[in-house]
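Participant: coords please:
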Amino acid sequence: MNIVRLLRQGSMPYLYTALTLGTASGLLLTFLVQMIHRAITGAPPDPVRFIGYYMLIWLAYLVCTTISTLATSGMAHKSLYQLRLWVTDHILKVSYRSTEGRTSEYFPVLTEDLQTISNTIYRVPQISTAIATIIGCVGYMFYLSWSLTLMILFALVIIYITMTTLGRWAQQNARLARTQYDKIYHFFEDLLYGLKELKLNPVLRDHYRQTLFPPLIREHQRLKLRENILFNFSIRSIEILFFPALGVLVYTIFVYGLTTPAAFTGVLTVLLFMLSPMASAANFVSEYKAMQVSLQRVNALEDHVISNVEWDFEQEPIPVPGEENSRMTAADGSGKSPEKVATEEDGLNSDRSGSGLTEVSGRPSAAASASVPILQLDDIRLSYTRDNGETNFVLGPLSLEIPANRITFIVGDNGSGKSTLAKVVTGLYAPDQGSIRYRGIRIKPQYLEDYRARFSSVFSDFHLFRELPDGAYNLDALPHWLEVTGLSKQVQLQGNILQHRRLSQGQRERLALAIACSYESEIILLDEIASNQDADFKVKIYHEILPALREDGRTVIAISHDDRFFHMADNLIHFRDGKIINTTA
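Facilitator: Reported below is the predicted structural model:
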């Protein structure tokens, strides 16, 4: 991604308007300088005519500047709007496994880098005006004295080389400082999320405060200081080097007689007027270099996202014979449900009345597929590898069946692969080998979105959303589940917004359970849902809530360590070291 592509994401008419009118503004300013210079050095003008023409040109400049600023603001906002949409859409399309644990890399890009890009884009009308002013002034200076103007341009080239060299060194430090900022972000994550542990462990706290943090912040400060010093000298190189160059010009005039004092006075007047536009241009160059660093970070995110996109083709509903898929929306975004799917090779009538399917809360009942498990995993294998390529954990190979409308417990020691299996089962992880079947149908990549939509879940690292759109959840059923989980007084549903005071971790788990239950899914997966619950509510989960979900036609998959409640499962799958060691019905 570069600046031109970014601006094109906005509106090209906005861009052309801003550049055209910004250029016109600069030329009009040059014309005003020319009028002032001629009025001072030439024959005295008619005062009324002079002020009339002068104010007319100024009004034209004001109109061009105003429209240019408005056009650029619209272009910049639209460009950044499209950029943020692009980032959001591609993060949603990227595989979950490739982004897991990388939030500290994403947040600085989505906040600081996008803001840096935004600040630079807003300067486009100012810089276009400055460049046009410089070009117009140089043209007028050539008219006054071409020899003197060539000498000035030679001096400006030297100043520009100096400025760009300093800017390049500053950019190198900016790039290093930006990398150091990621490490500081990691530190603040530990500080905020681990504050309890830091409060309770003075040695750990002192290590983070005295040993770890100071070198990070000192190195970042050192790099930012060098960056700022170099950038400031780069920006001020025009002011610093301009006056020595001016002294040399004066010397050459008196010694070699290259031009007349009158011409020099005119050129000097125009040149002094050029200082402000040249300073703006130099400042923009430094900002542009800082923006290039941010664009490189966005490019790195773009490369990572594009290389890990799950699919770039149209998703389809799973062709379950006789089922009207109410979950998969049309590909055109209309929100309409696709037609019922049936194939001749399945030999089943697509009419619901003749298919043997009955429906409970929008889900097929147990009678729908008594002989076919709802999920089958065939020869599944998945491995974790470190950055050096070393494999440190392998799940499988394993095969298992999960019956419909039953409670299945997945049990085992910590690190045995239970949560990894849960992510494979829900389609969040793509296995390295093997296949998953839903009601006997192999899940192909084009079915993945519909397949995932058949699950609701509460993982151990769940996230609570404050806004719950109608259609994503059954908001009419949510108050019932808030009552069941004992949160009806602590949590209120106002429209589709959840309002609640600060909840404990156990209460947050209950709220996540209530939300998951209100999602009309066929399968509900619960990862250690009772880990932070008191003894009485644990009993309620295993003896009341899970059986109620089963009676409602759900298939329940629960990861658990609570061996006191294993008898509540219809099926028990024991895990050890990524393998199934036994299955009990």
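Participant: sec struct for residue 400, please.
Facilitator: strand (DSSP: H, G, I helix; E, B strand; the rest coil).
Participant: burial measure for the nearest residue to it once chain neighbours are set aside, as a count.
Facilitator: Among residues not flanking residue 400 along the chain, residue 377 sits closest, at 5.2 Å (CB to CB, 6 or more residues apart in numbering). Every residue, glycine included, has its C-beta placed from N, CA and C. Neighbour count for residue 377, taken as other CB atoms under 10 Å: 22.
Participant: Same question for the one 5 residues further on.
Facilitator: The burial metric for residue 382, expressed as a neighbour count using other CB under 10 Å, is 23.
Participant: So what touches the helix or strand harbouring it?
Facilitator: Applying DSSP states H and E as the criterion places residue 382 in strand 375-385. For strand 375-385, contacts defined as CB atoms under 8 Å, 6 or more residues apart in numbering pick out 391-402, 420, 424-425, 429, 431-438, 440, 523, 555.
Participant: I'd guess residue 259 is in a helix, am I close?
Facilitator: No. Counting by three-state DSSP, residue 259 is not found in a helix; it is coil.
Participant: which phi and psi does it have?
Facilitator: phi -150, psi 170 (degrees, to the nearest 10).
Participant: Touching, residue 554 and residue 407? I think so.
Facilitator: No. Using CB atoms under 8 Å, residue 554 is not in contact with residue 407; the gap is 9.1 Å.
Participant: Show me the helices in the stretch 51-200 of the chain, by range?
Facilitator: 96-99, 103-108, 114-121, 124-144, 146-193, 195-200 (DSSP state H, counting those that start in this stretch).
Participant: how much distance is there from the strand holding residue 382 to the middle of the chain?
Facilitator: Chain-centre distance of strand 375-385: 30 Å, with CA atoms, centre = their mean, to the nearest Å.
Participant: now it: mean pLDDT?
Facilitator: Averaging pLDDT along strand 375-385 yields 89.
Participant: got the buried residues for it?
Facilitator: The neighbour-count check on strand 375-385 (16 or more other CB atoms under 10 Å) flags 375, 376, 377, 378, 380, 382 as buried.
Participant: Beta-bridge partners for the fourth one, please?
Facilitator: Looking back up the chat, that one is residue 378. residue 435 (DSSP bridges).
Participant: can you list the weak-confidence ranges in the protein?
Facilitator: 1-12, 104, 125, 196-197, 199-200, 322-371, 386-389 (pLDDT under 70).
Participant: again, only this time at 50
Facilitator: Applying pLDDT under 50 to the chain flags residues 325-363, 365-370.
Participant: So which residues of it form strands?
Facilitator: 359-360, 363-364, 375-385, 391-402, 407-412, 433-438, 441-442, 455-458, 491-494, 497-500, 523-527, 555-559, 571-576, 579-584 (DSSP state E).
Participant: Same list, those, but as CSV with distance to residue 214 please.
Facilitator: Below are those laid out as CSV (distance: least, CB to CB, whole Å):
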stretch, distance to residue 214
strand 359-360, 61
strand 363-364, 57
strand 375-385, 34
strand 391-402, 33
strand 407-412, 43
strand 433-438, 48
strand 441-442, 56
strand 455-458, 40
strand 491-494, 43
strand 497-500, 39
strand 523-527, 39
strand 555-559, 42
strand 571-576, 44
strand 579-584, 47
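Participant: how about these, which one is nearest residue 290?
Facilitator: Closest approach to residue 290 among the strands of the chain is made by strand 375-385 (36.2 Å; CB to CB).
Participant: got the angle between the closest one and strand 433-438?
Facilitator: 150 degrees (axes from the mean of the first three to the mean of the last three CA atoms, to 10 degrees).
Participant: what inclination does strand 375-385 have with respect to strand 407-412?
Facilitator: Counting by the same axes, to 10 degrees, strand 375-385 lies at 20 degrees to strand 407-412.
Participant: Quick one, which of the contacts of strand 375-385 are buried?
Facilitator: With burial judged by 16+ other CB under 10 Å, the buried subset of the contacts of strand 375-385 is 394-398, 400-402, 420, 424-425, 429, 431, 434, 436-438, 523, 555.
Participant: which one of the buried residues of strand 375-385 is nearest residue 212?
Facilitator: Using CB to CB as the measure, the one of the buried residues of strand 375-385 that approaches residue 212 most closely is residue 382, at 34.0 Å.
Participant: Please name the bridge partners of that closest one.
Facilitator: With DSSP bridges as the rule, residue 382 is bridged to residue 395.
Participant: From residue 422, how far out is it?
Facilitator: 12 Å (CB to CB, to the nearest Å).
Participant: just residue 475 next, same as before
Facilitator: 26 Å.
Participant: Mind checking which of these two has more residues around it?
Facilitator: residue 422 (22 against 15).
Participant: dump the residue contacts of the more buried one.
Facilitator: 410, 457, 459, 525, 527, 557, 559.
Participant: again, only this time at 6 Å
Facilitator: Counting by CB atoms under 6 Å, 6 or more residues apart in numbering, residue 422 touches 525, 527.
Participant: now do the one 10 residues further on
Facilitator: Contact analysis of residue 432 by CB under 6 Å, 6+ apart lists 381, 382, 383.
Participant: Let me have those in JSON lines, extended by distance to residue 195.
Facilitator: Converted to JSON lines, the contacts of residue 432 look like this (distance: CB to CB, whole Å):
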{"residue": "381", "distance to residue 195": "40"}
{"residue": "382", "distance to residue 195": "34"}
{"residue": "383", "distance to residue 195": "35"}
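Participant: Of the residues you listed, which is the nearest to residue 232?
Facilitator: residue 383 (51.4 Å).
Participant: Skip the chain neighbours and tell me the closest residue to that closest one.
Facilitator: residue 394 (4.7 Å).
Participant: picking up where we left off before, show me which of residue 554 and residue 407 is the more surrounded one.
Facilitator: residue 554 (24 against 20).
Participant: Alpha carbons of stretch 469-483, as CSV, please.
Facilitator: C-alpha atoms of stretch 469-483 as CSV (Å, rounded to 0.1, in the frame of the first residue of the first chain):
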residue,chain,number,x,y,z
PRO,A,469,-27.9,-7.5,17.3
ASP,A,470,-31.3,-9.1,16.9
GLY,A,471,-30.9,-12.1,14.6
ALA,A,472,-27.5,-13.0,15.9
TYR,A,473,-29.1,-13.9,19.2
ASN,A,474,-32.6,-14.6,20.4
LEU,A,475,-33.1,-11.5,22.5
ASP,A,476,-36.6,-12.8,23.6
ALA,A,477,-35.0,-15.8,25.2
LEU,A,478,-32.0,-14.0,26.7
PRO,A,479,-34.0,-12.7,29.8
HIS,A,480,-34.9,-16.3,30.6
TRP,A,481,-31.3,-17.4,30.5
LEU,A,482,-30.3,-14.4,32.6
GLU,A,483,-32.8,-15.6,35.2
